[in-house]
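1. sequence first, predicted coordinates after that:
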Amino acid sequence: MSEEAATVAQIDLALVDDCIERFFAVSSARARRFGRPSEELWRVLRRASMGGKRFRPRMVLTAYAGLGGTDAHAAANVAAAYELLHTALVVHDDVIDRDWSRRGEPNVAGSFRDTGTTGGLALPTAEHRGVSAAVIAGDLALAATTRFIEASGVTGDRRARLLEILDDAVFASAAGEMTDVDLALGVMPTVDEVLAMERAKTSVYSFEAPLQSGAVLAGAPESVVEALGAFGREIGIAYQIVDDLLGVYGDETVTGKSVLGDLREGKRTMLIAYAATTDCWDDIAPYLGDPDLTEDRAAELRATLETCGAKSAAESRIAEHAALARAELAALPYELAERLEHLVSELLERVR
């Protein structure tokens, strides 16, 4: 990406942050009318929205700028809609996964649980308080996403199409989340079932919908919108496989993610689904999902996953989906295709 394009992206992301900050300022002021519990809810939710990489807004702005869009106000608001959607889905996902922290800090549920125990509540009661607050907070963020589309000032068919794309993203993510819950139970899913779940749960709202929204906002023809959706689908699946691979084989100092967490949880990723079809499975299954898994045993599991071909199969699928994503770039204007090629190269670099 050129230095000029990177500078524009930085300016636009600052505008996205401004949109989100104004939203929380207004919401926090409204909350004062309802007393301390509502104020605390909005304060904690605001904190949960901070500190991210603004990846989904970047997708919106990349497509919009690459297609010649110039309305920074409209673009920033549409981009902010996807950032708030991400916040909502993460808050709810933590509830489903029974997690109390994120990035090493208490999440929404954990914050309300902790203030409950500090205030003298028994742990089960405090945990119920935390889960309840997280459900409400996630609902508030989810319900507010369309307000940013309205705030963009877009009208007519473009407004209707933006709302449709956002709604489809929410619908897909809910379907993927429910599938994820069920795939964690019972019979081991196939590789394709795992990837279909990950695409619906995360890739649609992280790649496909933001890219398409940027294109619609820029007034691009439907052929370009569809090509961006196809690109987003393929690169999104590749990204999910990369994340699963780095969750076992990554460098914690680079990724910030433990390479023990997925193994201790017994997370059914592509790696595990593939391994379950091999003769090595009996050497893996007894230790997968052990919360006390040691570093030495984890190293043995990694070696076995490599021996059985699971790691190379994941790497092959990454390359396959990256190639399919690149094939969609031919239908896009050169400047936008160049920016998205940078995204593909960045992805492949993560697993080298």
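-> The structure has been received and is ready for your questions.

2. what about the protein, any weak spots by pLDDT?
-> In the predicted model of the chain, residues 1-11, 256, 351-352 satisfy pLDDT under 70.

3. let's see it at 80
-> Counting by pLDDT under 80, the chain has low-confidence residues at 1-12, 51-52, 103-104, 252-258, 350-352.

4. can I see the domain layout of it?
-> 1-153, 154-352 (automatic domain parsing).

5. now the ones you listed in JSON lines, with mean neighbour count?
-> C-betas here are computed from N, CA, C, even on glycine. Below are those laid out as JSON lines (neighbours: other C-beta atoms under 10 Å):
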{"stretch": "domain 1-153", "mean neighbour count": "18"}
{"stretch": "domain 154-352", "mean neighbour count": "18"}
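
6. now the helices for the stretch 101-250 of the chain?
-> Counting by DSSP state H, counting those that start in this stretch, the stretch 101-250 of the chain has helices at residues 108-118, 123-151, 156-183, 191-198, 209-217, 222-249.

7. what about the third one, distance to the chain center?
-> What it means is helix 156-183. Relative to its parent chain, helix 156-183 has a centroid offset of 13 Å by C-alpha atoms, centre = their mean, to the nearest Å.

8. sorry, back to before: so which of the helices of the stretch 101-250 of the chain gets nearest residue 31?
-> Nearest to residue 31 among those is helix 123-151; the distance by C-beta to C-beta comes to 9.9 Å.

9. okay, the angle between the closest one and helix 156-183?
-> 160 degrees (axes from the mean of the first three to the mean of the last three C-alpha atoms, to 10 degrees).

10. packing partners for helix 123-151?
-> helix 3-31, helix 36-48, helix 72-96, helix 108-118, helix 156-183 (3 or more C-beta pairs under 8 Å, 6 or more residues apart in numbering; DSSP states H and E).

11. in TSV, list those helices along with distance to residue 298.
-> Shown next, in TSV, are these (distance: least, C-beta to C-beta, whole Å):
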stretch	distance to residue 298
helix 3-31	37
helix 36-48	30
helix 72-96	24
helix 108-118	26
helix 156-183	23
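
12. quick check, residue 136 in contact with residue 41.
-> Yes - contact criterion C-beta atoms under 8 Å: residue 136 and residue 41 qualify, at 6.5 Å.

13. skipping adjacent residues, who's closest to residue 140 in space?
-> Distances taken as C-beta to C-beta, 6 or more residues apart in numbering place residue 45 nearest to residue 140, at 6.6 Å, with adjacent residues excluded.

14. what sits against the nearest residue to residue 255 once chain neighbours are set aside?
-> Counting by C-beta to C-beta, 6+ apart, residue 255 lies nearest to residue 246, which is 5.1 Å off, once chain neighbours are set aside. By C-beta atoms under 8 Å, 6 or more residues apart in numbering, the contact list for residue 246 reads 255, 257, 259, 350, 351.
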